[in-house]
Structures are given as structure tokens and as C-alpha cells.
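Engineer: Got a predicted model here, sequence first, then my questions.
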Amino acid sequence: MEREEENRNCMCYNNENDCSYMPQGINAAFGYNTASNLMDDMNCCGCGDNSECMQNRNRVRGEMMKQIKCLNFAVVDIAEYLDTHPTDRKALCLHREYTNELKNVKDKYQRIFGPLDIYYPCNKWRWLEEPWPWERSDFNVDL
Amino acid sequence: MWTYNKVLQYPINIKCPNPKLAKFIISQYGGPDGELAASLRYLSQRFGMPDQKAKAILNDIGTEELAHLEMVGTIVHQLTDGASIEEIEKAGLGAYYTDHGVDVYPQSAAGTPWTAAYIACKGDPIANLQEDLAAEQKARATYEKLIDLCRDDPDVLDPLKFLREREVVHFQRFGEALRGVQDKLAEKKFYMNNMNCNNYNNMNNSNNNCD
């Protein structure tokens, strides 16, 4: 699984011979799995009053947060690589792929669990909801 | 400008408080080779860089170091949060507790408060980038010492290993940026004036209208 992801080409570019980018992100540090579709797992609408439902909700939240961390990190790592290799087309393509995917996951997450930055429009000020990133939390699943 | 993302760069969930480890790890928060020094070093040096790649890499790595600062602060916070006074005292943190309680204060493992004397901005891109390369190696070495000291707690070890890896990648990027700057400085038409090196024009034929 890990090797496969590392060696894979992105959708729009197939010649990796001229690319020296070694992904530090997705695989090396996180073992990211692109296949999971978490929203289908969450049959519950957030009724919040039974513990099984809350457990499921926390699990989905943790999984989505994990995806966001993976993609965020992949984007940072590739961006730094591109700073010194701006003409590397494969890396550029991966950057495009990961930024798009990150945007999708973040949008989904924020719609349910509240804003991740202050630029997300909301009807209720949920920005101050805990946990903050430095706090222990039960949806912060181990990778 | 910066935007805060309510996401830690790498997950940290430390189940057992251990103020003894916090006492060591705080050095990567506010010590000589810590993340605060790294971030401010790169973000301050970026203003004087002569080429596009060097400006971008100092900007982006300086930004990532702020995320690392938050990670190290999180480790220290979770290691001290919920510890008893006895544990704190036994860990040798009695003096720290006197002045800071269990807040996270930027200081070295030996207790020296953070100082700008840890960083250099030399007004010379080659000297600055060489300092950055050394800084990444010193930070890597510090993380390796911390990894030795924290060998018994996987919750602490895991994020420390991640942070160590990043030092290695950043060293690589700074090396590439340095080669770019050296090429730039070797170009025939490049003149460096003695205040900064953003002036690509012949100094006698400057297009700035300031004087």
C-alpha cells in the first residue's frame, strides 16, 4: 500500500523520469488512505443524546481530521519542494491534486464540525468551540 | 499576513503527564536551536534574499516552523497538564513553577529565557543561508538527544521523530536555495550593494529615485 502510493503517478502527468520529488508527506509520515469515504459511514445526524451515536460521530470526526492533517502536510512539503524546483511538472500536478482534495475534505468537515479558520462563514460563532489543537481530545485518533 | 488553522500539523495525544520530559523538550520551544528561533531567523532573513527561490523557501519554511512551535508547545503543555505539585517538584521544575506555573514559557532546557541573540541576520545571503543550514543540523541533533531521553513514551517519541524528519528535509531545501543564490551572485550583471542585495542594476545607474 505504502509503496504503491509513493510510486503512483498523478492523473494528468505520466512521465516521472524527470522528477526527483520524494513524497515526505502522505506516505512517509502518515500512511494516508485515499479510498475511504467517511461520510457514508456516518448514518447518524448528530442527535447527540446517545453514546453510540456520539462515538460514531467522534470516530468520523477523527478520521476526517486525520485526512486533513495528511493533505495539509503533503501540500506544505510539496510547496517547499516546488520553491526550489518550480519547473517539476509531476510535483506541480501532485500539488494540484492534493490542494483540491484538501479543499473538499475541509469543506465537508467544516460544514459539520465547525470552522477551521476564521474565513469560514457561519450562522453561529462556533470558532470558540473546543478542543483547540493543543488540547487532548477523544476524536484525535492515533494514526 | 498569516491565517491561523485550527489544526495541529501532526497529531499529539499524550496520555500520561511527565513533567521531567517537559523540562527537556521546552528547549525546542525557546532554546538556542528551537522552533521560535528557527521561525524568526528565516522570516527575518527573507527580506534580504536576492532571488525568487530563496525568498520563497525562507518564507515557507519560516511559516512551517511556527506550526512546529505550536507542536512543541502542545507536547510541553500535555506533559505538564494534570501533573501533581509533587511530580513537578520531583522533575526539577520547582523554580519554573514559581515563575510560570504550568504555562509554556520560551526558555532553554537549562532555564535561559529566549533571546534574539540566538539568531543572526548578517546582511549577506550566503552567510545567512549557511547559518540556516547549520541551524537545521543543530535542531536535528537536539531532537535526536530528546528522542534518547524520551525513549519510554511512544506518545512523545512519535511527534519528536516527525519533527526530526522535517529538519532533514529543510536542510535539503536550504542547500538547494544556497546553490541558486550562488548562481545568481555569479551572474555577470549582478551587483550587490553593501546594504542589501536586491539591487540588480549597476549601482551607478540605479533606478531608485530616493535620493
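Structural biologist: Great, that's in hand. Numbers count the residues shown, from 1 in each chain, chains lettered A, B, ... in the order given.
Engineer: Work out for me the element B:Val104 sits within.
Structural biologist: Using DSSP states H and E, B:Val104 sits within no helix or strand.
Engineer: That one and B:Ile75 touch, don't they?
Structural biologist: No: checked against Cβ atoms under 8 Å, the pair B:Val104 and B:Ile75 is beyond contact range at 9.5 Å. To be clear about C-beta, it is placed using only N, CA and C from the backbone, and glycine gets the same treatment.
Engineer: low pLDDT regions in chain B?
Structural biologist: B:190-211 (pLDDT under 70).
Engineer: Residues of it that sit close to chain A?
Structural biologist: Contact residues, chain B versus chain A (Cβ under 8 Å from any Cβ of the partner chain): B:3-14, B:53, B:56-57, B:60-61, B:64, B:67, B:70, B:73-74, B:77-78, B:162, B:165, B:169-170, B:173, B:176-177, B:180.
Engineer: just to revisit the earlier point, B:Val104 and B:Ile75 - which one has more neighbours?
Structural biologist: Legend: neighbour count by other Cβ atoms under 10 Å in any protein chain shown for B:Val104 and B:Ile75, higher for B:Ile75 (27 against 19).
Engineer: Roughly how far does that one sit from B:Gln182?
Structural biologist: 37 Å (Cβ to Cβ, to the nearest Å).
Engineer: With A:Asn104 instead?
Structural biologist: 41 Å.
Engineer: what about B:Asn13, how many neighbours?
Structural biologist: Neighbours of B:Asn13 (other Cβ under 10 Å): 17.
Engineer: Is it located within a helix, as I assumed?
Structural biologist: No: looking at B:Asn13 with DSSP: H, G, I helix; E, B strand; the rest coil, it is coil, so not inside a helix.
Engineer: Wait, it touches B:Val156, no?
Structural biologist: No: assessed by Cβ under 8 Å, B:Asn13 is found out of contact with B:Val156, at 10.5 Å.
Engineer: quick one: what helix or strand has the closest residue to B:Tyr10 other than its chain neighbours in it?
Structural biologist: The shortest distance from B:Tyr10 to any non-neighbouring residue, by Cβ to Cβ, 6 or more residues apart in numbering or on different chains, is to B:Phe162 (4.8 Å). Per DSSP H and E: B:Phe162 is located in helix B:154-186.
Engineer: Buried residues in that helix, which are they?
Structural biologist: Within helix B:154-186, the residues that count as buried by 16 or more other Cβ atoms under 10 Å in any protein chain shown are B:155-156, B:158-167, B:169-174, B:176-178, B:180-181, B:184.
Engineer: Which residues belonging to stretch A:71-87 are considered buried?
Structural biologist: Quick answer for stretch A:71-87 (16+ other Cβ under 10 Å): A:71-85.
Engineer: So which of those would count as near chain B as well?
Structural biologist: Okay, of the buried residues of stretch A:71-87 touching chain B (Cβ under 8 Å from any Cβ), that's A:Asn72, A:Phe73, A:Val76, A:Asp77, A:Ala79, A:Glu80, A:Tyr81, A:Asp83, A:Thr84, A:His85.
Engineer: Identify, by residue count, the longest helix of chain A.
Structural biologist: Longest helix of chain A, by residue count under DSSP state H: helix A:51-84.
Engineer: packing partners for that one?
Structural biologist: helix A:38-41, helix A:89-113, helix B:52-80, helix B:154-186 (3 or more Cβ pairs under 8 Å, 6 or more residues apart in numbering or on different chains; DSSP states H and E).
Engineer: Now do the end-to-end distance for stretch B:44-63.
Structural biologist: 11 Å (Cα to Cα, to the nearest Å).
Engineer: how far is that stretch from where the chain is centred?
Structural biologist: Relative to its parent chain, stretch B:44-63 has a centroid offset of 14 Å by Cα atoms, centre = their mean, to the nearest Å.
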